[in-house]
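1. task: produce atomic coordinates for the following.
(one chain, ligands or ions: 1)
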Amino acid sequence: MSPIAAPAGVPAWLAHPTVIPASTKIPLHSDKIPLSTDLRTRCATTDGIVDFFAVQAAVLPLLIHTARNVTTRHRLPDLCVSAPTGSGKTLAYVLPVVEKLRHRIVPRLRALVVVPTPDLVQQVYATFVQYCEGGTDLKVAAFDSQATFADEEAAVRGRAETSADATHDDFPTPPVRRGGVSAVDILVTTPGRLTEHLAATRDFTLQHLEFLIIDEADHVLNQDYQGWLEKIRAATEQSAATTASFTGTQLPTCDGLGLPHHDAQATGARGIADPYIFCRPAPRLQKLIFSATLPSDPGHLALLNLVNPQHIAVRGTAETAPEAEADRAAVDQNPETTAEAADTKKRKQGPPPVDFTVHFTAPPSLQEFSVLTTDQNRPLAVYHLITAPRCRSALCFTSSVEAAHRLYQLLTLFAKKYYERMHDNKHRKLVKKPNPKDPAAAAPASPLPPSDATHLPTLPVIVDFSSDLDPAQRSDILQRFKRGEIQLLVCSDMFSRGLDVDCVDTVINYDLPAQAQGYIHRVGRTARAGREGHAYTLMAAREMTKFRNLMRAADHLDQVSRYKLPSNAMRRFEKPYGMAVRQLGIIYK
Ligand SMILES: Nc1ncnc2c1ncn2[C@@H]1O[C@H](COP(=O)(O)OP(=O)(O)OP(=O)(O)O)[C@@H](O)[C@H]1O
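-> Sure, this is the predicted structure:
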């Protein structure tokens, strides 16, 4: 691998990360990880964790120790964490947040997690709930546009106590909490929805935040979502300006943990004279930035105003494909044999070497292939790959929602035609030609015996997984996919980020992704949490150079081997494919 120079303007802390080998593991009960017994037990029961993965081994001690040891006047270092897809980044921030907040007395919005899509909001929200419910009193909310704005508002809004409340008979010694009282401790949101609530939800404030977490950071920071970053900065830093004029004689009272209440004016109540406006803002706000592909444009990170930032990078390459791609045209035509050979080779070679130079690291257990085909044969290549015995659950990515829908229709029509044809052929072979002299010839042909029907390949269930569906429909589809009732989801790039479905063993890039980051996230939907996975990128001859350049730019080219489609399979598909194309033409007319 050739070292890649840091792009101009990349700050030293970003260009020179603390590198953690991907093979690092720490046993669940090791005292190197300062986690309470409750949470360890939950790790084992909820996620079957035996060891903490590399990213968790690196980040957990840093965040939890720091959180416990620091005094209220310290500003904690912000962290940028890059680690391969499926390497456990979500728990690397969920566990410290829960550990840190679980003994809180007054609910306040202390942790904000920003992710790019509503589906990811749901996924991260569900993880927090799993680790909070039962063992803690922490409340988690999600802004994912599934509920109405008013419902979301009601879920997070706390009631700011007034002096009348403070003297209420039922509460003779009420705590004084001015503004920003929140019904939730942890909020997971998309940037767009967050911006809307910052603008319109009364008493919704970020001034008590202790954790601002941005997951899939390169994607989130690349989008402008109504200038959300500026707004979030203003909302978390507005009190900092007032701190400068704080005299020190009006230190706020502390809660039972010795932490200041940080009572301050709620956003919705700005303008009301109140001495507490000068109280210290959330003094311990720590920004945690996660992605498999951190932004290479330092300008995006600069917008976050990171304080004393540290870059932690989990890296470990899959085995380098042994020969140049051009020399590998003779790769076995059978995907089974190819994979077995690669598996055996991997076992012989032992753990992969750590590479300190690549930009983007794919999971070590992922095998990547390029597949040369024609535009016409692309759908057939998909069908061939998903009906290979090794493939049980596959995702196929296209460049747009429309392309996904069209491919879904074509594949479904084709699969049906092909299946009917196979069925008929088998039936013809089994049912003897009637002898006109035989009295039994008058009887209708017997249907295919069920025992023989089971020898036919099953008709794959293919589903269009699109952003046009409402979130409830998508969630239902995902549940069926997880249960193994669906074999292929055809989707657009919207689902290439963060989606964690452990049964996915095959990813197919129907269209080339526009950028190397996109490629890494798409193929990263398989080979998660150390499982094996295979990724195939289909391309016509004219696209080969583009793909190679894409991979070369990410120093990833030698991870990709060539897979040759067997021509006999393609020939078998020709007739039913022609019928499916004609039928689709009629539908579109
Ligand atoms: N220590 C562990 N042991 C076993 N499984 C784990 C461990 N940590 C996390 N997992 C599981 O690994 C899977 C992938 O984790 P996660 O979704 O956090 O990956 P990620 O790094 O965020 O990936 P992406 O970059 O694609 O979002 C999840 O199903 C999670 O439950």
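2. next up, phi/psi of Arg315, please.
-> Per-residue torsions, Arg315: phi -140, psi 140 (degrees, to the nearest 10).
3. again but with Leu112, I slipped
-> Backbone torsions of Leu112, given as degrees, to the nearest 10, read phi -120, psi 120.
4. so it makes contact with Pro191?
-> No. Counting by Cβ atoms under 8 Å, Pro191 is not a contact partner of Leu112; they are 10.7 Å apart. Where C-beta positions appear, they are placed from N, C-alpha and C, glycine not excepted.
5. helix/strand/coil for Arg582?
-> Recorded secondary structure, Arg582: helix (DSSP: H, G, I helix; E, B strand; the rest coil).
6. kindly report the same for Tyr418.
-> Under three-state DSSP, Tyr418 comes out as helix.
7. so what's it closest to, chain neighbours aside?
-> Pro576 (4.2 Å; Cβ to Cβ, 6 or more residues apart in numbering).
8. got the residues of the chain near the ligand?
-> Neighbours of the ligand within the chain, by Cβ under 6 Å from any ligand atom: 47, 49, 51-53, 56, 83, 85-91, 292, 498, 500, 502, 524, 528-529.
9. now with 5 Å, please.
-> Proximity of the chain to the ligand, by Cβ under 5 Å from any ligand atom, involves residues 47, 49, 52-53, 85-91, 292, 498, 500, 524, 528-529.
10. before we move on, the earlier item: how many other residues sit next to the residue nearest to Tyr418?
-> Close neighbours of Pro576, defined as other Cβ atoms under 10 Å, add up to 21.
11. part of a helix, is it?
-> Yes. Pro576: assigned to a helix according to three-state DSSP.
12. quickly note the distance from it to the ligand.
-> According to Cβ to the nearest ligand atom, to the nearest Å, Pro576 and the ligand sit 36 Å apart.
13. residues in contact with that residue?
-> 414, 417-418, 420-421 (Cβ atoms under 8 Å, 6 or more residues apart in numbering).
14. from the ligand, how far off is Ile312?
-> Ile312 sits 13 Å away from the ligand, going by Cβ to the nearest ligand atom.
15. can you confirm that residue is in a strand?
-> Yes. When three-state DSSP is applied, Ile312 is found to be in a strand.
16. flag the shaky bits of the stretch 151-300 of the chain, pLDDT-wise.
-> Applying pLDDT under 70 to the stretch 151-300 of the chain flags residues 158-181, 238-283, 296.
17. same thing but at 50, please
-> Per-residue confidence for the stretch 151-300 of the chain (pLDDT under 50) gives these ranges: 161-168, 171-179, 239-282.
18. what segments of it are helices?
-> Secondary structure of the stretch 151-300 of the chain (DSSP state H, counting those that start in this stretch): helices at 163-166, 191-200, 217-222, 228-243, 298-302.
19. what about the closest residue to the ligand within the stretch 451-589 of the chain, which SS state?
-> The nearest approach of the stretch 451-589 of the chain to the ligand comes at Ala529, 3.3 Å away (Cβ to the nearest ligand atom). Three-state assignment for Ala529 (three-state DSSP): helix.
20. quick one: neighbours of the nearest residue to it once chain neighbours are set aside, just the number.
-> Computed as Cβ to Cβ, 6+ apart, the closest residue to Ala529 that is not its neighbour in sequence is Gly86, at 5.6 Å. Residue neighbour count, defined by other Cβ under 10 Å, stands at 25 for Gly86.
21. am I right that Leu39 is in a helix?
-> Yes. Under three-state DSSP, Leu39 falls within a helix.
22. so it touches Val97, yeah?
-> No. Counting by Cβ under 8 Å, Val97 is not a contact partner of Leu39; they are 10.9 Å apart.
23. helices of the stretch 401-550 of the chain, start to end?
-> Along the stretch 401-550 of the chain, counting by DSSP H, counting those that start in this stretch, helices occupy 401-430, 450-453, 471-482, 516-523, 544-553.
24. and the residue nearest to Thr236 when sequence neighbours are not counted, what is it in contact with?
-> Computed as Cβ to Cβ, 6+ apart, the closest residue to Thr236 that is not its neighbour in sequence is Leu206, at 4.9 Å. Residues near Leu206 by Cβ under 8 Å, 6+ apart: 109, 112, 198, 212, 232, 235-236, 267.
25. that older thread, neighbour-wise, which of Leu39 and Val97 wins?
-> The residue with more neighbours, out of Leu39 and Val97, is Val97; 26 against 22, by other Cβ under 10 Å.
26. so what does the more buried one look like in phi/psi?
-> The phi/psi pair for Val97 (degrees, to the nearest 10) is phi -60, psi -50.
27. got the domain ranges for this protein?
-> Following automatic domain parsing, one finds the domains of the chain at 13-23+54-248+259-272+282-345, 366-425+456-587.
28. chain center to stretch 370-388: distance?
-> Using Cα atoms, centre = their mean, to the nearest Å, the mean C-alpha position of stretch 370-388 is found 26 Å from that of the whole chain.
29. I'd like the numbering to begin with 21 instead of 1 from here.
-> Right, with 21 as the first residue, what we last looked at is stretch 390-408.
30. for it, what is the average pLDDT?
-> Taken as a whole, stretch 390-408 carries a mean pLDDT of 94.
31. with stretch 140-149 instead?
-> Across stretch 140-149, pLDDT averages out at 96.
32. list the buried residues of it.
-> By neighbour count with 16 or more other Cβ atoms under 10 Å, stretch 140-149 contains the buried residues 140-145, 147-149.
33. packed most tightly, which of the helices of the stretch 421-570 of the chain would that be?
-> Sort the helices of the stretch 421-570 of the chain by mean neighbour count, taking mean count of other Cβ atoms under 10 Å, and helix 536-543 sits at the top with a mean of 24.
34. put the alpha carbons of it into CSV.
-> Below are the C-alpha coordinates for helix 536-543, written out as CSV (Å, rounded to 0.1, in the frame of the first residue of the first chain):
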residue,chain,number,x,y,z
ALA,A,536,-15.3,5.8,-2.3
GLN,A,537,-17.1,6.7,0.9
GLY,A,538,-20.4,5.5,-0.6
TYR,A,539,-18.7,2.3,-1.6
ILE,A,540,-17.4,1.6,1.9
HIS,A,541,-20.8,2.3,3.6
ARG,A,542,-22.7,0.2,1.0
VAL,A,543,-20.4,-2.9,1.3
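35. by how many degrees do that helix and helix 564-573 diverge?
-> Between helix 536-543 and helix 564-573, the angle comes out at 90 degrees (axes from the mean of the first three to the mean of the last three Cα atoms, to 10 degrees).
36. pLDDT on helix 536-543, on average?
-> When pLDDT is averaged over helix 536-543, the result is 94.
37. touching it from outside, list them.
-> Applying Cβ under 8 Å, 6+ apart, the contact partners of helix 536-543 are 105, 238-239, 312-313, 379-380, 382, 386, 388, 417, 513, 516-518, 527, 529, 533, 553, 555, 557, 570-571, 573-574, 576.
38. give me the nearest residue to Leu232, chain neighbours excluded.
-> Lys307 (4.8 Å).
39. surely that neighbour meets Ala237?
-> No. At 10.0 Å, Lys307 does not count as touching Ala237 under the criterion of Cβ under 8 Å.
40. more neighbours, those two?
-> Taking other Cβ under 10 Å, Lys307 and Ala237 do not tie; Ala237 has more neighbours (27 against 22).
41. and the more buried one, how far is that from Ile69?
-> 25 Å (Cβ to Cβ, to the nearest Å).
42. for Met590, same thing?
-> Going from Met590 to Ile69 by Cβ to Cβ gives 44 Å.
43. please apply the same query to Phe169.
-> From Phe169 across to Ile69, the span is 37 Å (Cβ to Cβ).
44. quick one: which of the two has more around it?
-> Using other Cβ under 10 Å, the more surrounded residue of Phe169 and Ile69 is Ile69, with 18 against 14.
45. how about Met590, what does it touch?
-> Contacts of Met590 were listed using Cβ under 8 Å, 6+ apart, and they are 397, 400-401, 404.
46. what's the local residue count around Pro138?
-> Neighbours of Pro138 under the rule other Cβ under 10 Å: 21.
47. that one against Tyr145, yeah?
-> No. The criterion here is Cβ under 8 Å, and Pro138 misses it with Tyr145 at 10.2 Å.
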